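Student: Only the shape, not the letters, is given here:
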């Protein structure tokens, strides 16, 4: 029985790792031992940051909405409460895009949300 030579398989596995390490600096891009460790760690970072990206963008949308709503004389939390009471179901991504690109439509939503809010207690006392 002929012996099995595994050079082809090993070379293919090494090539896959080194291709993934393309763009790394120093020995991390061309030495298989360090490249494998670097690629494994980079995959961990990629997995983690795919989850974190969702958080980051939601925070950005909220900041944009808050800035736009404050120009209309409301706070973010009061605006979201007013939208819920008015039955307006528009997600934060779309709201932030409207605030940037379509100010008139955004102001119309703000006015509907403001109308759905109960009267402010400090206004009733005055």
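Tutor: Right, received. Where do you want to start? As the structure is a computational prediction, the values presented were derived from the model and not from experiment. Residues are numbered from 1 along each chain as shown.
Student: which sections of the chain are below the confidence cut-off?
Tutor: The chain contains residues with pLDDT under 70 at 120-126.
Student: Which segments of it make up each domain?
Tutor: 7-49, 53-120 (automatic domain parsing).
Student: what about residue 83, how many neighbours?
Tutor: Look at residue 83: counted by other CB atoms under 10 Å, it has 20 neighbours. All C-beta atoms are positioned from the backbone trio N, CA, C, and that covers glycine.
Student: which secondary structure element contains it?
Tutor: For residue 83, the host element (DSSP states H and E) is helix 76-86.
Student: mind listing the helices in the chain by residue range?
Tutor: For the chain, the helices defined by DSSP state H cover 7-20, 32-71, 76-86, 92-101, 103-116, 121-125.
Student: residues making contact with the first one?
Tutor: When contacts are taken as CB atoms under 8 Å, 6 or more residues apart in numbering, the neighbours of helix 7-20 outside the stretch itself are 29, 30, 32, 35, 36, 39, 42.
Student: wait, which of those residues is closest to residue 99?
Tutor: Within the contacts of helix 7-20, the smallest distance to residue 99 is 35.6 Å, found for residue 42 (CB to CB).
Student: which residue packs closest to the closest one, ignoring adjacent ones?
Tutor: residue 20 (7.6 Å; CB to CB, 6 or more residues apart in numbering).
Student: Thanks a lot, catch you later.
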